[in-house]
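**Student:** I'll drop the sequence and a predicted model, then ask my questions.
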Amino acid sequence: MRAPATLTPALCLGGRGSGWRRWCGRGLLSLLLWTAAPAFAVPTFDAVRAAHAPSDVPLLDRHGAVLQTVRIDDSVRRGPWVALADISPALRAAIVLSEDRRFWAHGGVDWRALAAGAWATAWNSRTRGASTLTMQLAGLLDDDLARPSGGRSMGQKLTQLRRAQQLEAGWTKTQILEAYLNRVPLRGEGVGVAAASNLLFGKHASGLDAVEAALLAVMVRGPNAGAAVLERRACEVLRQQQLGCTALGITLAQALARRPGPLLSASGEALAPHFARRMHAPGKGPWRSTLDASVQRVALSALRRQLAELRGREVEDGAVLVLDNASGEVLAWVGSSGAGSSAAEVDAVLARRQPGSTIKPFVYALALEQRLITAASRLDDAPLQLAAGAALYQPQNYDLGFKGQVSARTALASSLNVPAVRVGAMLGPDAVFAKLVDAGLRPRESAGYHGHALALGSAEVSLLDLTNAYRVLAQRGLWSPVRWHAGAPAAPARRVFDAGAAFVVSDILADPAARAVTFGLDSPLVTRGWAAVKTGTSKDMRDNWCVGYTSRFTVGVWVGNAGGAPMHGVSGVSGAAPVWREVVAHLHASAPSRSPERPPGVVAQRGEWFLAGTEARPGSAAESGRARGFGIEAPRDGSVVLLDPDIPMAAQRLSFVGAPGRWSVNGRVVGRGGVVHWLPRPGRFVLEWRSVAAGDAQVSERASFEVRAAPPPARRP
């Protein structure tokens, strides 16, 4: 190997002064040591590339598409290996210009730069380093050549020179540059251009412009240098390329202020950052999840679009969850709207908030299951006062009005508050609380803490638990945990509700006519196929929900503010429902949802579903279809009246309403006229109405009803 002419003995003996001779002598000694440095087994390019270990592994959807990256190495941020052809030409040019101008010409060691550096050292002058990209790569590939805080020893420097030449002999220039760009430490914990460009500029290395490339290039010399130093050095690189520095300061400030986040996937997206935190799989990846990338994109886009529409109403955040009914697999998990949120890192799928009226279906399902009501039962939507400790609980409807006597079907579908509280009071808070726990909602505090407000959603739940609880209704009363690992075995299901009760509630929630009292016949709750859906709004307009299910999927949407600030004029139908409807439309774009089949134990009568044994008896006025208002308008035949233990008996008189006549209960006359008030007691009764004109000998109409006492409260452990 020929030594550089710069260090020949003749030059050292020339008349250039003692300083030159001292430096030259040291240079000759170094050259001799370098030529004697032992060779080492140079790793192949393919071996180095194969050994590359990214700090973040790909998170795949159910079809193998990359959704996100998941960090598995907390000590460093290293992206996937990037081929030189996929690295911005601007960065390739800037790194060579900044670090090794003669990279394409030298053989691993730039002797001219080395001599200039040595000369400057001899005369105490400052100059740029003489370490080539190949020499730097040699140091990156060998831990023994790692630069300590005090710098490398003379022996390490000589070994580095020798190994750089060995690399040049075994690798091509493009391989050297590619490996260097994938191994070089840059800003902070970022190693390699894949991680650095992602963390600093939010893009792949292929998309870097000249300004961004110049900034990354100068970070090699000072990975943690201050902003002023980086800007000055980057400007020098740009000027050498005859480019301006106008945008440099803004770009640098934005890069340094950028918060570290998940590395971008191969598609340039970070579709499921919150879900990725929950995905703990064995091995180094890639990890396959149950998510569906297309559903995830639609859910995220629909949420962002709706939040943009609600921007003037103090709404900033939202979340969407999509579950497969049969398997419980998570198809979409959108924890926040992303950059538009001031709390983008908060996973709103897991955050606990008041669910409002979305709890009502579980209250009605329990009452149906216990045969306390039917879908046709008449419930009184009128002012109500319930004892709540030393105070009174006075529930009100959303519109502050009352509808009078309504069916349980209308009360639930139209989300009337007072009837729901009446049904909850019949059941008792302990029973309601226990059923919510059984449905996987995990309410905090206790039944006594929430009292009658439990029926209106006072206990906080998460969107994950609430959506899976609605999936219980979709699965005819069976609960099983959600799944997000592809291929994970399904857990055994357990029964929460009677299949018939779940069917009747589902039919009510899918009835557009029954919900028309509150929502009208045309609203975002109306879909092309069959869907059971319920909205909810928490106290003070802080949380807005829409949760529902089709024959195949359950979709839950929450809209509000992560910080708990109230919204302005946003209801369930105007806030979360449009997102819910758009996601459901996508899910059933090719196959509309079908209504469920009637399970055993459910019978149809006069256009209504009943659990077997609760329907009206044959021959009664209700069964024969006799028109309302002929004699008895209320109570209807087959009605069940429940006494509330928290309401004084004197305030629970039952009103017999109909045409003017004489009224009797079990053969005993109780009054005359169009309205008669009767003090009820538990038991089965036959109400008879006789027309005044018909005389005492003829019974004009008869209706049977039952009065029940509320079940005793559950015993506390």
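**Tutor:** Good, I have the coordinates.
**Student:** when you work out contacts or count neighbours from here on, use the C-alpha atoms and nothing else.
**Tutor:** Will do.
**Student:** in the stretch 101-250 of the chain, which spans are strands?
**Tutor:** 190-191 (DSSP state E, counting those that start in this stretch).
**Student:** the stretch 351-500 of the chain too?
**Tutor:** Under DSSP E, counting those that start in this stretch, the stretch 351-500 of the chain gives strands at 352-353, 378-381, 386-388, 391-393, 404-407, 461-462, 478-479, 494-495.
**Student:** equivalent analysis for the stretch 601-717 of the chain, please.
**Tutor:** 602-605, 608-611, 632-634, 639-643, 654-665, 668-678, 683-691, 701-709.
**Student:** out of the strands of the stretch 351-500 of the chain, flag the one nearest A272.
**Tutor:** strand 461-462 (18.0 Å; C-alpha to C-alpha).
**Student:** what strands line up against that closest one, and which way round?
**Tutor:** Partners of strand 461-462 in the sheet, by DSSP bridges, are strand 352-353 (antiparallel).
**Student:** so what touches the strand it pairs with?
**Tutor:** Residues from elsewhere that reach strand 352-353 (C-alpha atoms under 8 Å, 6 or more residues apart in numbering): A459, E460, V461, S462, L463, D543.
**Student:** JSON lines for these, including pLDDT, neighbour count and distance to P429?
**Tutor:** Below are the contacts of strand 352-353 laid out as JSON lines (pLDDT from 0 to 100; neighbours: other C-alpha atoms under 10 Å; distance: C-alpha to C-alpha, whole Å):
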{"residue": "A459", "pLDDT": "94", "neighbour count": "25", "distance to P429": "12"}
{"residue": "E460", "pLDDT": "96", "neighbour count": "20", "distance to P429": "15"}
{"residue": "V461", "pLDDT": "97", "neighbour count": "21", "distance to P429": "17"}
{"residue": "S462", "pLDDT": "97", "neighbour count": "20", "distance to P429": "20"}
{"residue": "L463", "pLDDT": "98", "neighbour count": "27", "distance to P429": "22"}
{"residue": "D543", "pLDDT": "90", "neighbour count": "29", "distance to P429": "23"}
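**Student:** surely S336 is in a strand?
**Tutor:** No: counting by DSSP: H, G, I helix; E, B strand; the rest coil, one finds S336 to be coil, located in no strand.
**Student:** burial of it, as a residue count?
**Tutor:** Counted with other C-alpha atoms under 10 Å, the neighbours of S336 add up to 30.
**Student:** what about this protein, any weak spots by pLDDT?
**Tutor:** Counting by pLDDT under 70, the low-confidence segments of the chain come to 1-40, 113-130, 144-156, 266-268, 281-285, 387-392, 572, 617-631, 691-700, 710-717.
**Student:** domain map for it?
**Tutor:** Domain assignment for the chain, taken from automatic domain parsing, gives 1-36, 39-67+75-257, 327-587, 616-709.
**Student:** for those domains, which one ends up most surrounded?
**Tutor:** Counting by mean count of other C-alpha atoms under 10 Å, domain 327-587 has the highest mean neighbour count of those, with a mean of 21.
**Student:** measure that one end to end?
**Tutor:** 16 Å (C-alpha to C-alpha, to the nearest Å).
**Student:** make TSV from the strands of the stretch 351-500 of the chain and add distance to V109 to it.
**Tutor:** Below are the strands of the stretch 351-500 of the chain laid out as TSV (distance: least, C-alpha to C-alpha, whole Å):
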stretch	distance to V109
strand 352-353	62
strand 378-381	90
strand 386-388	86
strand 391-393	85
strand 404-407	90
strand 461-462	62
strand 478-479	69
strand 494-495	72
